[in-house]
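**Student:** okay, predicted coordinates and the sequence, questions at the end:
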Amino acid sequence: MTSTLTPSSNRTSTTNDMNPAVTLLSADTIAGDDVCNMQDEKLGNIQDLMIDISEGEIRYAVLASGGFLGMGDRLFAVPWKALKHDRENKRFLLDVDVERLKNAPGFDKDKWPDMADPTWNSSVESYYAKS
């Protein structure tokens, strides 16, 4: 197994002989990454990651959108599986248009939902499944 750290991006990439496409990124380097849609419109950036510790996987990326310089941002919990990593442009892609995101279930930075609530979880998952 070979591991490299590229100083310009502070991203750690691990290549395994069995699967050369495996890439590992630290949560710290993902925070702040842009999220764009398929029309190349910027939707926002990743503020945080929500990890399901019982399953050992990322459940949601918290997307900050709509504000200016961090003020007035609305937050959205986007299912991790709805995002695609765009390695070339060092960003993530979400197949949703700007208007659809504006209507997505969101929350205020000072009042986070109970992301373990099955009803909330189901509504968010089904919203992005329709994208």
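**Tutor:** Arrived safely, thanks for sending.
**Student:** off-centre distance for the longest helix anywhere in the chain?
**Tutor:** In the chain, with assignment by DSSP state H, the single longest helix is helix 118-129. Relative to the centre of its chain, helix 118-129 is centred 16 Å away, using C-alpha atoms, centre = their mean, to the nearest Å.
**Student:** can you list the buried residues in it?
**Tutor:** 121, 124, 127-128 (16 or more other C-beta atoms under 10 Å). C-beta coordinates here come from the backbone N, C-alpha and C atoms, glycine included.
**Student:** tally of neighbours for residue 102?
**Tutor:** Residue 102 is flanked by 14 other residues according to other C-beta atoms under 10 Å.
**Student:** contacting residues for it?
**Tutor:** By C-beta atoms under 8 Å, 6 or more residues apart in numbering, the residues touching residue 102 are residue 66.
**Student:** so where does the residue most central in space within the chain fall, helix or strand?
**Tutor:** For the chain, the residue nearest the mean C-alpha position is residue 61 (3.4 Å; C-alpha atoms, centre = their mean). For residue 61, the enclosing helix or strand under DSSP states H and E is strand 57-65.
**Student:** how about the strands in the chain?
**Tutor:** Assigned by DSSP state E, the chain shows strands spanning 2-6, 11-15, 34-36, 42-52, 57-65, 74-79, 83-86, 91-94, 106-107.
**Student:** so which of these is the most surrounded?
**Tutor:** Highest mean neighbour count of the strands of the chain: strand 74-79, a mean of 23 (counted as mean count of other C-beta atoms under 10 Å).
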